[in-house]
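Participant: Using only what follows, build the 3D model:
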Amino acid sequence: MRGPRVLIDGQPASPEVLLHQALVNYGAYTSFRVEDGGVRGLDRHLARLDLAARELFGGAPDAADLRVWIRSALEDRTRAFVRISLFSQQISHRDPTWSGCPQVMLCAFDPPPPLSDVPLRIQARTYRREAPHLKSIATFGLMRARRAARAAGYDDALFVDDDGVIAEGTLWNVGFWEGDRLIWPDAPMLDGVTQALLKEGLGGERRRVTLDDLRGFDAAFICNSATPACAVFAVDSISFDPAPERIARLTAAWAANPVQPI
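Facilitator: Purely as a prediction, here's the structure:
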């Protein structure tokens with residue numbers, strides 16, 4: 001197993017820059033699995049970074065530079081998991097006013113193992129991420145929710161608002177099957193790249209979904225860039241059919257998206 005490779009704007013990371021990253025929790029990121037030297041939905045990941053950079057910093061790195069830096073971080077790896085984070089050493093707690101093109105921290109790791117084939121038990125927890133449309137590096141709230149769910153005997157946490165309206169999970173989107181119809185929650189959330197790739201092949205309806213609606217669904221699943229689809233066995237006390245044939249259908253729809261060269 002090879003250790004991670006970390007670059008800042010295409011150059012090896014220095015301790016000073018990493019220290020700033022550890023102390024100032026302002027920025028956004030995206031992450032994805034590299035397969036055969038390419039990425040499914042790479043264009044969507046780069047577009048996510050561009051939008052986040054302009055909103056949070058006022059400028060955005062060039063996509064061509066990002067591709068060069070990804071290739072440099074990968075070296076000769078054709079399979080890996082990559083995280084690209086946006087930050088600025090010019091921004092601090094004392095003075096957050098700087099505006100411009102952010103710096104880029106790019107990390108290449110060995111790919112993570114897929115989630116277990118065992119369907120997940122999820123606990124609904126009242127929580128909403130700050131600026132939920134962004135994939136923020138500020139992860140305290142979601143990690144706290146995940147730890148609390150694990151301590152209560154669940155595998156993960158599903159975020160709902162005070163009215164029980166379902167949004168998303170800690171690090172994933174959630175979807176439901178109503179017969180042969182795919183349902184996506186309509187609420188403030190991060191529109192995931194894997195979710196978008198599944199929609200490319202299977203479509204689906206986006207609508208308001210509450211905890212009270214769950215008994216009307218036949219199956220549920222989660223999806224993110226590390227795992228195209230994993231079945232949900234239960235949300236709180238409401239159980240679902242693990243439906244392996246539906247998981248296979250989701251995985252096939254995800255795999256039908258081409259691997260885009262970096």
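Participant: give me the low-pLDDT residue ranges for the stretch 1-150 of the chain?
Facilitator: 1, 112-116 (pLDDT under 70).
Participant: residue ranges for the helices of it, please.
Facilitator: Along the stretch 1-150 of the chain, counting by DSSP state H, counting those that start in this stretch, helices occupy 15-23, 42-56, 63-74, 140-151.
Participant: Does residue 8 have any beta-bridge partners, and if so which?
Facilitator: residue 11, residue 105 (DSSP bridges).
Participant: State the distance from it to residue 194.
Facilitator: Counting by CB to CB, to the nearest Å, the separation of residue 8 from residue 194 is 27 Å. C-beta coordinates here come from the backbone N, C-alpha and C atoms, glycine included.
Participant: same check, this time on residue 10
Facilitator: Distance from residue 10 to residue 194, by CB to CB: 27 Å.
Participant: Those two: who's more crowded?
Facilitator: residue 194 (25 against 15; other CB atoms under 10 Å).
Participant: For the more buried one, which non-adjacent residue is spatially closest?
Facilitator: Closest residue to residue 194 apart from its sequence neighbours, by CB to CB, 6 or more residues apart in numbering: residue 223 at 4.6 Å.
Participant: residues in contact with that neighbour?
Facilitator: 172, 173, 174, 175, 192, 194, 195, 198, 229, 230, 250, 254 (CB atoms under 8 Å, 6 or more residues apart in numbering).
Participant: one more time with 6 Å
Facilitator: With contacts defined as CB atoms under 6 Å, 6 or more residues apart in numbering, the neighbours of residue 223 are 173, 194, 195, 229.
Participant: part of a strand, is the third one?
Facilitator: It stands for residue 195. No - the assignment for residue 195, made by DSSP: H, G, I helix; E, B strand; the rest coil, is helix rather than a strand.
Participant: so how far is residue 211 from the nearest residue to residue 142 once chain neighbours are set aside?
Facilitator: The spatial neighbour of residue 142 that comes closest, neighbours along the chain excluded (CB to CB, 6+ apart), is residue 170 at 4.4 Å. Plainly put, residue 170 is 17 Å away from residue 211 if you go by CB to CB.
Participant: Residue 184 - that's part of a strand, no?
Facilitator: Yes - according to three-state DSSP, residue 184 belongs to a strand.
Participant: Quick check, pLDDT for it.
Facilitator: Note for residue 184: predicted pLDDT of 98.
Participant: pretty sure it is touching residue 202, no?
Facilitator: No - applying CB atoms under 6 Å, one finds residue 184 not in contact with residue 202, separated by 10.3 Å.
Participant: out of the two, which sits in the busier spot?
Facilitator: residue 184 (20 against 17).
Participant: Count the residues that sit near the closest residue to the more buried one other than its chain neighbours.
Facilitator: In this structure, residue 184 finds its nearest non-sequential neighbour in residue 206, 4.6 Å apart by CB to CB, 6+ apart. For residue 206, the neighbour count with other CB under 10 Å is 13.
Participant: is it true that residue 206 touches residue 187?
Facilitator: No - Residue 206 is not in contact with residue 187 according to CB under 6 Å; the separation is 9.5 Å.
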